[in-house]
Structures are given as structure tokens and as C-alpha cells.
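[1] structure of the sequence below:
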Amino acid sequence: MKIYDLIKPESIVANFHATSKKQAIQDLAKKAADITGIHERAISDVLMERERLGTTGVGNGIAIPHGKLASLASLHGLFARLEKPIDFQSIDEQPVDLIFLLLAPESAGADHLKALARVSRLLRDKTVCEKLRGTDQSEALFVLLTQDAANQAA
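    Numbering: from 1, shown residues only. So this is what the prediction gives:
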């Protein structure tokens with residue numbers, strides 16, 4: 001599982017603005033709806049349901065909201081770099097400024113877990129996160145996310 005299997009240039013939001021976790025999830029669901037063709041309400045409902053189980057704010061300013069949808073045919077990712085960090089009820093209680101949203105078909109099972117693990121590994125790298133935080137250009141963010149995945153695979 002490679003990051004470039006999950007995201008495309010159009011699924012990067014460089015200057016994302018949200019003032020709360022709920023708003024971030026709703027706005028990202030809207031963007032994901034444009035990419036997947038699935039209604040934004042269905043996406044936000046699945047993501048909020050997952051958040052009720054426990055926060056997807058994994059620490060160090062990173063959140064990986066995720067969910068499964070029956071009507072989805074393949075895995076989809078969306079990356080957002082927030083203009084200003086927001087409270088995401090993260091496990092380390094630190095605000096979040098990098099969000100990688102992951103959507104999977106209900107039947108994805110192991111592929112969903114592999115994708116979550118891959119995203120988590122990438123965003124655990126402090127150098128990668130510093131570079132992501134250091135640019136506000138969508139194209140540069142896409143290259144940083146996918147180039148790192150290509151380098152790690154080599």
C-alpha cells in the first residue's frame with residue numbers, strides 16, 4: 001500500500017480553515033464527496049460515528065479520521081494542512097494541524113488496516129511533518145506525501 005494509491009493532487013487541501021473538529025470533519029466530508037461521488041452527509045456521519053468510539057487525533061498535531069462506506073468502490077484519502085491548529089480531542093491534548101482522512105469500502109478489511117498503518121507510519125516521521133507544515137502549496141504537499149512513500153518503498 002502506497003500513499004499515491006490513496007490520494008491524488010485534487011485530494012490535497014493546503015490552506016484548510018476550520019475552527020472545530022466538527023467543522024473540519026464536515027468540510028472534509030464535502031471535499032471527499034466531490035472526489036468520491038458519495039453524499040457528504042453519509043461521509044460525515046460515518047466519520048463522526050467513528051469519532052464517538054474514540055478520537056482519531058493520534059498526537060503530535062496529527063489526526064487520521066477514517067470510516068467505511070458500503071457504497072464506496074475503492075480506498076480514498078484526503079490530506080489537509082490547517083491554517084491554524086484546532087482542538088481535535090487528541091490523545092496528547094495538542095491541537096491538530098495535519099489531517100489525513102481515509103475512506104474505505106465496507107469490504108476493505110485488511111486493505112483498510114494496511115492503509116491506516118501506512119498513513120500512520122508516514123505521519124509519525126517528524127521530518128516529513130516538518131516539511132508538510134513548512135509549505136502551503138497543494139502541489140508541494142502532494143509531492144512530499146507521495147515522494148516519501150516512494151522513497152520508503154525503495
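
[2] only C-alpha atoms from now on, for both contacts and neighbour counts.
    OK.

[3] can you pull the contacts of residue 98?
    Applying CA atoms under 8 Å, 6 or more residues apart in numbering to residue 98 gives the contacts 61, 62, 63, 79, 80, 81, 82, 133.

[4] hmm, 6 Å instead?
    Shown in contact with residue 98 (CA atoms under 6 Å, 6 or more residues apart in numbering): 62, 80, 81.

[5] and residue 132, how far is that from residue 140?
    From residue 132 over to residue 140 the distance is 8 Å, taken as CA to CA, to the nearest Å.

[6] these two: which is more packed in?
    residue 132 (23 against 17; other CA atoms under 10 Å).

[7] any chance of the contacts of residue 98 in TSV, plus distance to residue 96?
    Below are these laid out as TSV (distance: CA to CA, whole Å):
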residue	distance to residue 96
62	5
80	11
81	9
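
[8] show me those that map onto strands.
    The strands, defined by DSSP state E, take in 62, 80, 81 from these.

[9] show me where the chain has strands.
    12-16, 57-59, 62-63, 66-69, 76-86, 96-105.

[10] most tightly surrounded among those strands?
    For the strands of the chain, the largest average neighbour count (mean count of other CA atoms under 10 Å) is found in strand 62-63, namely a mean of 25.

[11] perfect, I'm done here.
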